[in-house]
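give me a 3D structure for the following:
(one chain, ligands or ions: 1)
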Amino acid sequence: MSNRRCINNNCQSNPKAKLFVAQQSMCNYYNFEYRPDCQVCEACMRECIIYFDMIGRRFKNGECILDDRYPKKPTIVIELSGSNDDNAIDNDTEPSTENPNPQIAELSTSLSKIIQDTVEPLFKRQTELCESYLISEKAKLVAGKEQIDNLVDQVDLAIGKLYNNLYKFDSQRKFKYDPEISIYENLDDDVPIVLTKTLPGLPDDLPEEGLLIRHLVKVGDKVYGMKHSQMQPWIEGTIKSAVSDTYFNILFDDGGEKVLNYKNLAYIDATSHAQYPVGSRVIAKFQDMNIQLTDKFYVGVIGEPPKKYNNFRYLIFFDDGWTQYAYHKNIRLVCVESPNVCDDVHENIRRFLKTYLRNYPERLMVKFNKKQVVRAERNNAWCAAKVKNIDASLVQLKFLDIKVECTEWIYRGSNRLFLLYYNEISSNNQDKAVRGTKLTDVNKLLNRPYIETVNLTENGKSVNIDNRDNTQKPQENNGVIKSIEIPANCPKPLPYKHHECSHFCMLWVHYDYSQTKCMNVLTIPLHYGFTRSVLTDEKLKLRKVIYTTPCGLNIDDENKMYNYLKLTSYGHSQMTMDLFNFDCLVNPLSSFSVPKEFIRIQDISYGIEFKSISVFNSVNDLVPDHIKYIKERMTSPNVNLNMDSKFLCGCNCIDNCEDKNKCSCWQLTYEGPKNYPEIFKDHDSVGYSFKRLHKQVITGIFECNANCNCKKTCLNRVVQEPMKASLQLFFTEKKGWGVRTLADLPKGSFICTFLGVVRTEKDADNDFSLNWGEYLADLDFLDTVEEVKDGYESYVVQTEIEDESEDYTSSSDDEEFIPSWAIKSKMSMFESRMSLRKNLQNTNTKSDGKHELSKLNTQQKVESKNTSLLSYLDKDCGIFTMDAKVSGNIGRYFNHSCDPNIFVQNVFIDTHDLRLPWVSYFALSNIPAGTELAWDYNYIIGSVKNKILMCHCGSKNCKGRLL
Ligand SMILES: C[S@@+](CC[C@H](N)C(=O)[O-])C[C@H]1O[C@@H](n2cnc3c(N)ncnc32)[C@H](O)[C@@H]1O
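The predicted structure is shown next:
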């Protein structure tokens, strides 16, 4: 038990032991704050004196007194409380006023004397000794630290390798396919019937793949022969005689004889040791879906081998232009074919087949959805046709603008489909090089067909090239999700007491956005007095996010939170709505953590962005090529940006733009969609909602700006604010650099803009050979609005057809079906925003006519009845292009994905010149921490001559190629 009256907290003497007045040096020894009435017991005093004696001797002998062989001073400081305290010194143990033991007193005096006598020279010497002692100790510590750092690095590296191996193993795992589930859609009443079926097995009669051997035929053999022409069925007969080595006289079963070459004879049965490879010359039974099986054999070429994708059937391109699937048993091999099978086919299909076989197994096809209305060729005219069915590589179209019902199966890669035809002519057209990404593909947005690349892989499952399961390959993950811990000293909500909320509710938490650089945005409120919890109601099967405010109030929706922030805001310290999220699936504490040794650069923006963007590379030693990192767009010398105030008008709101109907900026955003009620069905959901954007507004968003009356915290200011997302630039295995989010990103969150140098389109075109467009994006806002308008009209046609009946016949046969592309001219200077809007409202063209094929072939420009936006623009100027090759920001590193998780939005902020939107990226869905952010470049495959770019996005819907 310690003697609580002695200055030594660990005193082991008897509590009744005699006490002496403690000197200051003794208090120092025991780390006790000196007071004149301090006491020390004899034993402790002795310990002190012995220590000081030893110190003194070392000091005198010129030895360092910091040597660690000497006892360490105790470090715990416990103050004795005042006299009223329980621990106060008892009256019966009054401090002794007697002198200590004379021997000790002598020692004490001699110690003081020694110190006095020798203090000067010895002190000097001691200082030197202590200094060198400390230096050597420091060196030891530094060496130790280095050793520990090395060890930590090695551990990090080992962990990194472990992750790699773990993910590699994961991605190499072989999965067994579940039985396939087929969904049969009942077209008549739109009720989908879901049936399960097991995978179709290999047909019994289908031989293995292998070397195809053609045996010789001889007199007396049964054969099929081309009795009439390539367009007509081949007839069964018998070889009557051999005219030469290659010619035979055939006696047909239906009468008549003909001398035929080997190439016009086919074997009588389907027995073959091997499957027929693609490009084999065959005859096959042609089956018209509308009629019965004809049982007649027509000549053609194998286009696809039997695979699971096509239900183990062969795709046959018939010489007469039809395309159909056929089972092995319904196909016969032609006895001989030319080294180049295209020499044997009818000239009708020769060109097509040549290209097909050259590119096989990669094929461009149109991706359809049922009920889409498309343009397809029929009887040398472009006709509107509705998609009725899709069967592997074939699409069944029902032609709409002909009186008699007519459906036809067409190969999805045929240029009888307008989309492919147009793609081909535009890629042959050297005038217009496709340089940049198309910021918005109206076709996809409006669920119109688009072109994809399809490849038949070895396992028989048609997968798009390089298909993987996830957008971000696990190897590229290289990190783990950790949960962020909010420091314990952060303010916490007070217990709720009834009160009226005011700025006092938040004042005490001292919120200051400038201090949040290193915080993930959704954790900011949690550092400043808020807590967020997810409540689960088992009964209602409901999960709900609740924020508790610093004053203890519980808030469960965005409206209430907005009102709370408004009431409690003080000066500029108001929290914004994008710091909060009420979606249970988003976890503000999720953080993607990567091994530190792969961080190559701490901040690619070198302090330009509010949030630093680290650079991570675990694949190789590369760092990104140097670019000038910019925060605002730049202009090339020949671009004169018109930042005139007439291009920018602001609102006069004094209510912080709360009443959207009164705010002229919100109204500008609303105005565009009003013209397209069929596309923007829910008018109220257009544009930002509490600083998030849930759906693209093709007609643009107009933010409040420098000319506005409202505060910086108004809800119509999003893209103009500093970047808040926590991003990382990382090296992917196949796509170069990419960007990922380190924190959960809620749907609709603004991510960043895409910045570069504004150049004229012409200027960018001139550079095409050097810079084909890798870091270019056309500011094609006006183009897109035009396309939407065209799309809107086709959309109306589509709905009308569906609403009326299946038996649609056009009432306007003589009206021309004008493809929007054919009437487009270059756009340039735009007069004024308001006249654009007016113009959009007044325009209502009809596009359900018919276009003669010949017109399209000659690329005749057809005058449109449509008053185009383009007519307002100066023909010479053209649109602008953003070039981020040399100067740019993080936006230049986003890769493409066929299944994107971010989208592009045109936003007008510093000018209302419609050629100069800010290209901005938003989250398309909730994006978990660690996920790569990728958008759809909307490149048109095959549109850049001699440029093929395979897509490695790895998504399930991957189209295989970027270009
Ligand atoms: C705008 S840059 C994106 C950043 C680029 N990865 C880098 O390293 O700087 C576009 C280029 O990235 C590559 N890329 C983007 N997405 C890709 C994808 N899905 N598959 C393959 N390459 C891709 C292509 O080389 C493309 O030309």
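
in stretch 573-584, what counts as buried?
Buried positions in stretch 573-584, judged by neighbour count with 16 or more other C-beta atoms under 10 Å: 573-582. In short, each C-beta sits where N, CA and C put it, glycine included.

of those residues, closest to the ligand?
Asp578 (26.1 Å; C-beta to the nearest ligand atom).

quick one on the thing from earlier: got CSV for the buried residues of stretch 573-584, with pLDDT too?
Below are the buried residues of stretch 573-584 laid out as CSV (pLDDT from 0 to 100):
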residue, pLDDT
Ser573, 74
Gln574, 84
Met575, 92
Thr576, 93
Met577, 94
Asp578, 96
Leu579, 97
Phe580, 97
Asn581, 97
Phe582, 96
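
got the residues of this protein near the ligand?
With the criterion set to C-beta under 6 Å from any ligand atom, the chain comes near the ligand through 734-738, 774-775, 892-893, 895-896, 951-953, 962.

most neighbours, which of those residues?
The member of those that has the most neighbours, counting by other C-beta atoms under 10 Å, is Cys953 with 30 neighbours.

going by distance to Lys218, which of the residues of the chain next to the ligand wins?
Ranked by distance to Lys218 (C-beta to C-beta), the residues of the chain next to the ligand are led by Cys951 at 52.6 Å.

does that closest one touch His896 like I think?
Yes. Here Cys951 reaches His896: they are 6.7 Å apart, a contact under C-beta atoms under 8 Å.

shared neighbours of these two, anything?
Overlap of the contact sets of Cys951 and His896 (by C-beta atoms under 8 Å, 6 or more residues apart in numbering) consists of Leu962.

which residues of the stretch 501-650 of the chain score low on pLDDT?
Residue ranges of the stretch 501-650 of the chain with pLDDT under 70: 571-572, 645-647.

and Arg35, helix, strand or coil?
Following DSSP: H, G, I helix; E, B strand; the rest coil, Arg35 is assigned to coil.

which stretches in the stretch 851-963 of the chain count as helices?
Taking DSSP state H, counting those that start in this stretch, the helices of the stretch 851-963 of the chain run over residues 853-857.

the stretch 551-700 of the chain now?
Secondary structure of the stretch 551-700 of the chain (DSSP H, counting those that start in this stretch): helices located at 558-568, 664-674.

how many neighbours does Phe32 have?
Using other C-beta under 10 Å, the number of residues around Phe32 comes to 22.

wait, doesn't it sit right on Cys38?
Yes. If you go by C-beta under 8 Å, Phe32 and Cys38 touch, sitting 6.6 Å apart.

name the residues contacting each of those two.
7, 22.

skipping adjacent residues, who's closest to the residue of the stretch 601-750 of the chain at minimum distance from the ligand in space?
Closest contact between the stretch 601-750 of the chain and the ligand, by C-beta to the nearest ligand atom, is at Gly736 (2.5 Å). Counting by C-beta to C-beta, 6 or more residues apart in numbering, Gly736 lies nearest to Asn895, which is 7.7 Å off, once chain neighbours are set aside.

and the residue of the chain positioned farthest from its centre, what pLDDT?
Distance from the C-alpha centroid of the chain, by C-alpha atoms, centre = their mean, peaks at Pro102 (86.0 Å). You'll see Pro102 listed with a pLDDT of 73.

same check on the one 3 residues further on?
Model confidence at Ala105, given as pLDDT, is 76.

kindly report the same for Ile751.
For Ile751, the predicted pLDDT is 98.

that one belongs to a helix, doesn't it?
No. Counting by three-state DSSP, Ile751 is located in no helix; its state is strand.
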